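# Below are the sequence and a predicted model for it; my questions follow.
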Amino acid sequence: MVTHFDEKGKIYTDIVQKQAVWVTIQLSQSRIHGTIYIRGNERIKEALDKEESFLALTQVEVFSADGSQSELKTNFLAVNKNQIIWILPDSEQARME
């Protein structure tokens, strides 16, 4: 990230552009539908490969493991990446139908 300073010493940094991606995530005890944010040139796998232990989601709905029953809705949820069995972007689901 590039940092710029003005004549008074104020710090400016470049804006990091991210795109919202709707995904479904399968955990052992539940299925989650929500939005993750990735950099414009990044794939979901690259976001999962980062050193952070948790993946942040917004606009989240948590379902039973088979996806049949809604259990929780929340604006934010951090998921431990070690618990993820699979993740599927909604754009891929649309192509399969």
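Alright, I've got the coordinates.
# how near is the residue nearest the centre of the chain to L77?
Among the residues of the chain, I36 comes closest to the average C-alpha position under CA atoms, centre = their mean, at 2.2 Å. Noted for I36: a distance of 11 Å to L77, by CB to CB, to the nearest Å. Where you see a C-beta, it was placed from the backbone N, CA and C, and this is true even at glycine.
# what do you get for G9?
With distances defined as CB to CB, the gap from G9 to L77 amounts to 39 Å.
# Ok, E7 next?
Separation of E7 from L77 (CB to CB) stands at 43 Å.
# Of these two, which one has the most company?
A side-by-side neighbour count of E7 and L77, using other CB atoms under 10 Å, places L77 first with 19 against 5.
# Would you map the strands across the protein?
3-5, 11-13, 18-26, 30-39, 54-64, 70-80, 86-89 (DSSP state E).
# any low-confidence regions in this structure?
Counting by pLDDT under 70, the chain has low-confidence residues at 1-3, 14, 93-97.
# what are the bridge partners for the residue nearest to the centre of the chain, then?
The bridge-partner assignment for I36, based on DSSP bridges, gives V21.
# Ok, Q26 next?
When bridges are assigned using DSSP bridges, the partners listed for Q26 are R31, W86.
# I figured it hits Q83, correct?
No. Checked against CB atoms under 8 Å, the pair Q26 and Q83 is beyond contact range at 9.7 Å.
# More neighbours: these two, which one.
Neighbours per residue, other CB under 10 Å: of Q26 and Q83, the larger number sits with Q26, 17 against 14.
# my guess is V21 meets G34, correct?
No. Counting by CB under 8 Å, V21 stays clear of G34, with 9.8 Å between them.
# Between these two, point out the one with more neighbours.
Remark: of V21 and G34, G34 carries more neighbours, 24 against 18, as counted by other CB under 10 Å.
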